[in-house]
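S.K.: sequence isn't available, so here's the structure alone:
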């Protein structure tokens, strides 16, 4: 009886004499990050889009190279997906520490720290790694030890006064390949390399049902965006594929217009109370305006015991609004309106809107915060102009890009295990 190592120390017994079958690999350059055989492999669809199916090189024994279909995407475009899956640098550090904690006491101590491993992977030349053909007859830890013993790995580890043992191989064989990918992305030289998920052989071999290996992103990996009003949600939803197309499938939006009866900051707080009470399992991100009403709502939400999968995000400060025209009881002025009047409409291209001069108008006074609430004059006309001009290609998306970067950073922090 032989044993085949399949994705992070999951094993399948293979009767002696049975053909070893088809390989499926995940590689960057010549470095294979993970592999499997026949029906036993990890599905890496979360890193790709269905449209990423393209022709790629497959490396076989005796230096044979064949071009066949594979899923291919630049590592640079993989990073934001990894981070939303929980594999930011902080997330990887947490996962590495937890993996070290789980090493049994009877195993020798792993002598490669996270920082050394990170530095080593960022220094590896993945095109110089020897990718010798192997037959899958590795015992636990032997495959990873085989890779770590490659001259390129040995050279880099030696520069940190480290060397990988067979026991280290066992540890790294159980380490999530997503950690390795994220650390490889620390090298600028790797960012524009192709990450190749070679699935052709298992599809051709009939190991994939209906010949379909790609799977849509699971609901538990997605984020539900909740906003204060219907136009907020629609603006974010429309802008997302334009400013962050590589992660657009990670987000769902509450249908504020037809199915959401809680518009407004006060009711939004009550809505969040309800979600917390029922222990909702979805990853929920509540977007709050960076204005007086939004700050009051944030204070209210901070007093709640929100579950870990719920996160509140206030809109970021804008330099443009540190000196902005205002209208109020005292007449015209130029003021810093950050924290008092910055709503999502402020992140639109204000070149498209009413002919009147742009300004914030002060409205009600909040006694609790001792501050006026302000809003963009004729804000609905800016919203209408957004939906008209966004399809014409003459719209400045700079501030919406900044806004989504801010939201993505918060979501990546939430995703940390």
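M.R.: Nice, I can see it. What you see is a predicted model, and the numbers here were worked out from it, not measured in a lab.
S.K.: residues making contact with stretch 51-65?
M.R.: For stretch 51-65, the surrounding residues in contact (Cβ atoms under 8 Å, 6 or more residues apart in numbering) are 30, 66-73, 131, 133, 194, 196, 198, 200-201, 214. Where C-beta positions appear, they are placed from N, C-alpha and C, glycine not excepted.
S.K.: among those residues, which ones are buried?
M.R.: The neighbour count (16 or more other Cβ atoms under 10 Å) marks 30, 70-73, 194, 196, 198, 200-201, 214 as buried among the contacts of stretch 51-65.
S.K.: sorry, back to before: just the ones in helices from the contacts of stretch 51-65, please.
M.R.: Secondary structure from DSSP state H places 200-201 of those in helices.
S.K.: which among the buried ones among the contacts of stretch 51-65 gets closest to residue 365?
M.R.: Nearest to residue 365, judged by Cβ to Cβ, of the buried ones among the contacts of stretch 51-65 is residue 73 at 51.9 Å.
S.K.: for the closest one, give me the pLDDT.
M.R.: With respect to pLDDT, residue 73 scores 98.
S.K.: that one: what's it in contact with?
M.R.: Residues near residue 73 by Cβ under 8 Å, 6+ apart: 47-49, 52, 194-195.
S.K.: beta-bridge partners for it, please?
M.R.: Taking DSSP bridges as the rule, residue 73 bridges to residue 195.
S.K.: from residue 229, how far out is it?
M.R.: Residue 73 is 35 Å from residue 229, where distance means Cβ to Cβ, to the nearest Å.
S.K.: residue 292 too?
M.R.: Distance of residue 292 to residue 229, given as Cβ to Cβ: 16 Å.
S.K.: so these two - more neighbours on which side?
M.R.: residue 292 (24 against 19; other Cβ atoms under 10 Å).
S.K.: quick one, strands of the stretch 201-350 of the chain?
M.R.: Per DSSP state E, counting those that start in this stretch, the stretch 201-350 of the chain has strands spanning 223-226, 251-253, 283-288, 290-291, 310-314, 324-328, 331-335, 341-342. These are given in chain order.
S.K.: need the winner for burial among those strands.
M.R.: Most buried of the strands of the stretch 201-350 of the chain, by mean neighbour count (mean count of other Cβ atoms under 10 Å): strand 341-342, with a mean of 27.
S.K.: who does that strand pair up with?
M.R.: In its sheet, and by DSSP bridges, strand 341-342 pairs with strand 290-291 (antiparallel).
S.K.: any weak-confidence spans in the chain?
M.R.: 1-21, 130-149, 160-161, 163-164, 255-267, 276-281 (pLDDT under 70).
S.K.: centroid-nearest residue for it?
M.R.: By Cα atoms, centre = their mean, the mean C-alpha position of the chain lies nearest to residue 84, the distance being 2.4 Å.
S.K.: contact partners for it?
M.R.: Shown in contact with residue 84 (Cβ under 8 Å, 6+ apart): 221, 223, 247, 250, 408, 411-412, 415.
S.K.: against residue 169, how distant is it?
M.R.: With distances taken as Cβ to Cβ, residue 84 is found 30 Å from residue 169.
S.K.: stretch 76-96: which residues count as buried?
M.R.: Neighbour counts over stretch 76-96 (16+ other Cβ under 10 Å) mark 77-89, 91-92, 94-96 as buried.
S.K.: how about stretch 408-417?
M.R.: Using 16+ other Cβ under 10 Å as the test for burial, stretch 408-417 gives 408, 410-412, 414-416.
S.K.: before we move on, what about stretch 294-314?
M.R.: Neighbour counts over stretch 294-314 (16+ other Cβ under 10 Å) mark 294-298, 300-301, 306-307, 309-314 as buried.
S.K.: if I look at residue 414, how far off is residue 318?
M.R.: As judged by Cβ to Cβ, residue 414 and residue 318 stand 23 Å apart.
S.K.: element containing residue 58?
M.R.: Taking DSSP states H and E as the definition, residue 58 sits inside strand 53-59.
S.K.: okay, now the sheet partners of that strand, with direction.
M.R.: Strands adjacent to strand 53-59 in the sheet, as given by DSSP bridges, are strand 65-74 (antiparallel).
S.K.: and the helix or strand following the partner strand with strand 65-74, angle?
M.R.: Proceeding N to C from strand 65-74, the next assigned helix or strand is helix 75-84, under DSSP H and E. Here the directions of helix 75-84 and strand 65-74 differ by 50 degrees (axes from the mean of the first three to the mean of the last three Cα atoms, to 10 degrees).
S.K.: which stretches of the stretch 151-300 of the chain form helices?
M.R.: 151-158, 166-174, 177-184, 200-204, 230-243, 265-277, 292-302 (DSSP state H, counting those that start in this stretch).
S.K.: check the secondary structure at residue 369 for me.
M.R.: coil (DSSP: H, G, I helix; E, B strand; the rest coil).
S.K.: start the count at 8 instead of 1 going forward.
M.R.: Yes, from this point I'll number from 8; that puts the last item at residue 376.
S.K.: that one is in contact with residue 303, isn't it?
M.R.: Yes: using Cβ atoms under 8 Å, residue 376 makes contact with residue 303 at a distance of 5.9 Å.
S.K.: how is the protein partitioned into domains?
M.R.: Structural domains annotated on the chain: 9-218, 226-422, as defined by automatic domain parsing.
S.K.: tell me the contacts of residue 366?
M.R.: 331-334, 339, 383-384.
S.K.: again, only this time at 6 Å
M.R.: Taking Cβ atoms under 6 Å, 6 or more residues apart in numbering, we find residue 366 in contact with 332, 334, 384.
S.K.: so how far is residue 322 from the second one?
M.R.: With distances defined as Cβ to Cβ, the gap from residue 334 to residue 322 amounts to 21 Å.
S.K.: which residues are contacting stretch 412-424?
M.R.: Applying Cβ under 6 Å, 6+ apart, the external contacts of stretch 412-424 come out as 90-91, 93, 95, 97-98, 101, 230, 292, 318, 320, 323.
S.K.: now distance to residue 366 too, for these, in a markdown table please.
M.R.: Shown next, in a markdown table, are the contacts of stretch 412-424 (distance: Cβ to Cβ, whole Å):
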| residue | distance to residue 366 |
| --- | --- |
| 90 | 38 |
| 91 | 37 |
| 93 | 43 |
| 95 | 39 |
| 97 | 41 |
| 98 | 43 |
| 101 | 46 |
| 230 | 34 |
| 292 | 30 |
| 318 | 33 |
| 320 | 26 |
| 323 | 21 |
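S.K.: and for residue 411, the neighbour number?
M.R.: Using other Cβ under 10 Å, residue 411 has 20 other residues around it.
S.K.: can you check the one 3 residues further on too?
M.R.: Counted with other Cβ under 10 Å, the neighbours of residue 414 add up to 21.
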